[in-house]
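Engineer: Generate coordinates for the sequence data below:
(one chain, ligands or ions: 1)
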Amino acid sequence: MSTTFQVDDDQSEAAKPGCKPPDRICILGIRFDNLTMSEAVQAIVDRLDHPLPSQACFVNADCVNIAHRNPQYLDVLHKASLTLADGIGLKLAGLVHGIPVRDNVNGTDLFPRLCAELPGTGIKMFLLGGRPGVAGAAANWVAQNYPGVVIAGCQHGYFKPEEETTVIQRISDSGADVLLVAFGAPQQELWINRHLHQLGVKVAIGVGGLFDFYSGRISRAPLWMRKIGVEWLYRLYQEPTRLSKRYLLGGPLFLMRVLLAYAPRRKGTP
Ligand code: UDP
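Structural biologist: As a prediction, the model looks like this:
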């Protein structure tokens, strides 16, 4: 199935004149690499030359909520080579706390940009996760849109625990350099952290529902909704049962965290 995506090329606030915000920021107890979309792509490409494997994480408002109740996940985010600020929630938190977040660096928009960097490099990609057939359909999207990208293999994300060793071996035998893992947060980050050194890849990235979008299984919000930061409303409309807790309870909870964290900062201000 072929899916067309409108790419928003004007997302980067860093392109605007003014002071350059710091490269590392801390929001609600989570450290982020404060990169623009193109810097994040370059940072991932750079990690491909490192002798040790790297983990990259996208962290949105829901992930912040998860990290506050799951210390193991928080620990993984802090150990990751790259932790990227994903979505309008973090931009808003940064705004309230006076920390400029440079960009909305989400996996779905980063993916085609990363694909564009790979042809001719010999870098191979493995897609792990999603329902049966979904990673394969996302691989077909890559083949149609970025024919130079080498897909080393695909595997759905509903394998049994006893099949895990075989899956890891398949990824390692495939010779993949980049592994995209789509199990949803925090499972994908914890899984990557547990197995990073067995997978034989150079970079492993947790990508959530990315294969669902590129396979065409789920349509993405129109560009105007993404531009004004309400992609989450569209997702809620598509999957109300699964996502209402995440957005209708998680959203206000996140906002409350942002405001509560702001109060002591304000008190300390002369
Ligand atoms: N998934 C999976 N194995 C599981 C549970 C989930 O492969 O055991 C996949 C699921 O099919 C979906 C993705 O994980 O493609 C999670 O998507 P979600 O929209 O929750 O991720 P988000 O981008 O919101 O973090």
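Engineer: and residue 167, what is it in contact with?
Structural biologist: If you count contacts by C-beta atoms under 8 Å, 6 or more residues apart in numbering, residue 167 has them with 128, 155, 159. Bear in mind the C-beta positions are built from the backbone N, C-alpha and C, glycine included.
Engineer: Also residue 106?
Structural biologist: Contacts of residue 106 (C-beta under 8 Å, 6+ apart): 58, 60, 86, 87.
Engineer: okay if I get these as a markdown table plus pLDDT and distance to residue 238?
Structural biologist: What follows is the contacts of residue 106, written out as a markdown table (pLDDT from 0 to 100; distance: C-beta to C-beta, whole Å):
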| residue | pLDDT | distance to residue 238 |
| --- | --- | --- |
| 58 | 98 | 20 |
| 60 | 97 | 17 |
| 86 | 96 | 18 |
| 87 | 93 | 17 |
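Engineer: roughly how far apart are residue 152 and the ligand?
Structural biologist: 18 Å (C-beta to the nearest ligand atom, to the nearest Å).
Engineer: Show residues contacting the strand or helix carrying that residue.
Structural biologist: Taking DSSP states H and E as the definition, residue 152 sits inside strand 150-155. Contacts to strand 150-155, defined as C-beta under 8 Å, 6+ apart, come from residues 118, 122-129, 135-136, 138-139, 142-143, 167, 170-171, 174-176.
Engineer: can you do 7 Å?
Structural biologist: 124-128, 135-136, 139, 142, 167, 170-171, 174-176 (C-beta atoms under 7 Å, 6 or more residues apart in numbering).
Engineer: the helices in this protein, which residues?
Structural biologist: In the chain, the helices defined using DSSP state H lie at 37-47, 61-69, 71-79, 88-97, 107-117, 134-145, 164-174, 187-195, 210-215, 223-227, 231-238, 240-244, 250-267.
Engineer: now for those, which one comes closest to the ligand?
Structural biologist: helix 210-215 (4.7 Å; C-beta to the nearest ligand atom).
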